[in-house]
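Undergrad: sequence? don't have it. structure:
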């Protein structure tokens, strides 16, 4: 598909760093409430987990609603620091804006080798992600930039992530949540709901014996009938002490089943756009290389998982000083660090630019930093 007519005003694919971050931590859904709940046969939580594991990626097209209610402010300042100010200076999409507000995403999935995501960011602006086989295109209409991602050399035996793994769909988010299920997790079945006109079970996933987790529970709405049986359609993350979801991702409107036209997965950079080609090595932090980030890894497991890395833009008095308006100063082992805190997400930045981030309490991050 040639990138013309403003890509139907449906900005594609969240920048890779945001996709990875969202998938790593989790996402949610807006639940429909006007209809009476569907009448469905009783199932156990274990049956629902097995159904999700057995479900194949569906071929479909539809609309996703993404809502972030973390109580954040001054997100542009945070983006300037964490991203080195690159997005704003280049006039491109600010990925951290996804941490506050409501967004609409269009998705096309062929269930196997290709996918397309369109993120609407304004009346005439869009971020587009097209993935086909071992290559992907990330298009930002606001600054006419294209990032062309290629899988590693065939001799390495590796490739880009499987279709669906790079997109923030309910199925991928649910897979990340359920992969962290451990003895410290409680699984229960909630009341059935309707999602985009489809009957769905609710699987409620909650920490158990994980005092440092900020997550109260994750509600996963799972298709109950037909080709969508076992397919997560909505995911909602609730923080401790909150009655509404902090993060929501789910289908809205009607879901069109069947493979989308092949033309939806073709991309040609529009005239005048700036194209950057990058080969994905598969190493930790590969998406962050070249933007001031180094070696982003994870520590801990399950509900205590923490992202850890470093950024040159956060180091020294300059970086720490500019974090001042959006953080508080905390003493960590005799060092004056900066803490960015919400009900769900906490980020601790050390004076040397090393950072720790996760859905865990500030005290857990401080203990890890020591």
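TA: It's in. All values derive from a computational prediction rather than experimental measurement. Residues are numbered from 1 along each chain as shown.
Undergrad: what stretches of the protein score poorly on pLDDT?
TA: Scanning the chain for pLDDT under 70 picks out the ranges 1-35, 72-96, 112, 123, 152-168, 180-181, 280-295.
Undergrad: All the helices of it, in order from the start?
TA: Listed in chain order, the helices of the chain (DSSP state H) span 16-25, 45-54, 75-82, 86-89, 170-179, 316-322, 362-369.
Undergrad: quick one: the residue of the chain positioned farthest from its centre and residue 370, what's the gap?
TA: Computed with Cα atoms, centre = their mean, the residue of the chain farthest from its C-alpha average is residue 334, at 34.4 Å. Remark: distance between residue 334 and residue 370 (Cβ to Cβ, to the nearest Å) = 10 Å. To be clear about C-beta, it is placed using only N, CA and C from the backbone, and glycine gets the same treatment.
Undergrad: can you check residue 143 too?
TA: 41 Å.
Undergrad: the more surrounded of these two?
TA: Neighbour totals were compared for residue 143 and residue 370, and residue 143 leads with 14 against 9 (other Cβ atoms under 10 Å).
Undergrad: List the buried residues for stretch 120-132?
TA: For stretch 120-132, burial by neighbour count (16 or more other Cβ atoms under 10 Å) applies to 120, 121, 125, 126, 127, 128, 129, 130, 131, 132.
Undergrad: just how off-centre is that stretch within its chain?
TA: Offset of stretch 120-132 from its chain centre (Cα atoms, centre = their mean, to the nearest Å): 16 Å.
Undergrad: Repeat that for stretch 298-314.
TA: Distance, centroid of stretch 298-314 to centroid of chain: 16 Å (Cα atoms, centre = their mean).
Undergrad: Now do the buried residues in it.
TA: 303, 304, 305, 306, 307, 308, 309, 310, 311, 313, 314.
Undergrad: now do stretch 204-213
TA: Residues 204, 205, 206, 207, 210, 212, 213 are the ones in stretch 204-213 that count as buried (16+ other Cβ under 10 Å).
Undergrad: Next up, the contacts around the first one.
TA: If I follow you right, that is residue 204. 186, 187, 188, 189, 190, 217, 218, 219, 220 (Cβ atoms under 8 Å, 6 or more residues apart in numbering).
Undergrad: The chain - how does it break down into domains?
TA: By the record's domain assignment, the chain is partitioned as 5-275, 284-369 (automatic domain parsing).
Undergrad: Centre of the chain to stretch 138-154, how far?
TA: 18 Å.
Undergrad: What residues sit buried inside it?
TA: 138-142, 144-149, 151-152.
Undergrad: and if you look at stretch 263-279?
TA: 264, 265, 267, 269.
Undergrad: Let me see the contact set for the closest residue to residue 55 other than its chain neighbours.
TA: Closest residue in space to residue 55, ignoring its immediate chain neighbours: residue 230 at 3.4 Å, by Cβ to Cβ, 6 or more residues apart in numbering. Listed by Cβ under 8 Å, 6+ apart, the contact set of residue 230 reads 51, 52, 54, 55, 222, 223.
Undergrad: Please list the members of the buried residues of stretch 204-213 that lie in strands.
TA: Among the buried residues of stretch 204-213, the members falling in strands (DSSP state E) are 204, 205, 206, 207.
Undergrad: Among the residues you listed, which one lies nearest to residue 106?
TA: residue 205 (27.5 Å; Cβ to Cβ).
Undergrad: So what sits opposite that closest one in the bridge?
TA: Under DSSP bridges, the beta-bridge partners of residue 205 are residue 187, residue 218.
Undergrad: Repeat that for residue 237.
TA: In beta-bridge terms (that is, DSSP bridges), residue 237 pairs with residue 218, residue 247.
Undergrad: Show me where the stretch 1-150 of the chain has its strands.
TA: Using DSSP state E, counting those that start in this stretch, the strands found in the stretch 1-150 of the chain span residues 59-69, 100-110, 114-122, 125-132, 135-140, 145-150.
Undergrad: before we move on, what about the stretch 151-300 of the chain?
TA: Per DSSP E, counting those that start in this stretch, the stretch 151-300 of the chain carries strands over the ranges 185-195, 198-207, 215-223, 232-239, 247-257, 274-279, 293-299.
Undergrad: just to revisit the earlier point, how about the buried residues of stretch 138-154 in a markdown table, adding distance to residue 365?
TA: Putting the buried residues of stretch 138-154 into a markdown table (distance: Cβ to Cβ, whole Å) gives the following:
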| residue | distance to residue 365 |
| --- | --- |
| 138 | 30 |
| 139 | 35 |
| 140 | 32 |
| 141 | 36 |
| 142 | 33 |
| 144 | 38 |
| 145 | 33 |
| 146 | 36 |
| 147 | 31 |
| 148 | 36 |
| 149 | 31 |
| 151 | 34 |
| 152 | 33 |
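Undergrad: Go through the strands of the stretch 151-300 of the chain and pick out the most buried.
TA: Across the strands of the stretch 151-300 of the chain, the average number of neighbours (mean count of other Cβ atoms under 10 Å) peaks for strand 232-239, which reaches a mean of 27.
Undergrad: one step back: which stretch among the strands of the stretch 1-150 of the chain comes nearest residue 252?
TA: Taking these one by one with Cβ to Cβ, strand 59-69 is closest: 4.6 Å.
Undergrad: Now do that closest one: distance to the chain's middle.
TA: The answer for strand 59-69 is 12 Å, by Cα atoms, centre = their mean.
Undergrad: Tell me which two in the buried residues of stretch 204-213 are the farthest apart.
TA: Greatest spatial distance among the buried residues of stretch 204-213 (Cβ to Cβ): 204 and 212, at 20.5 Å.
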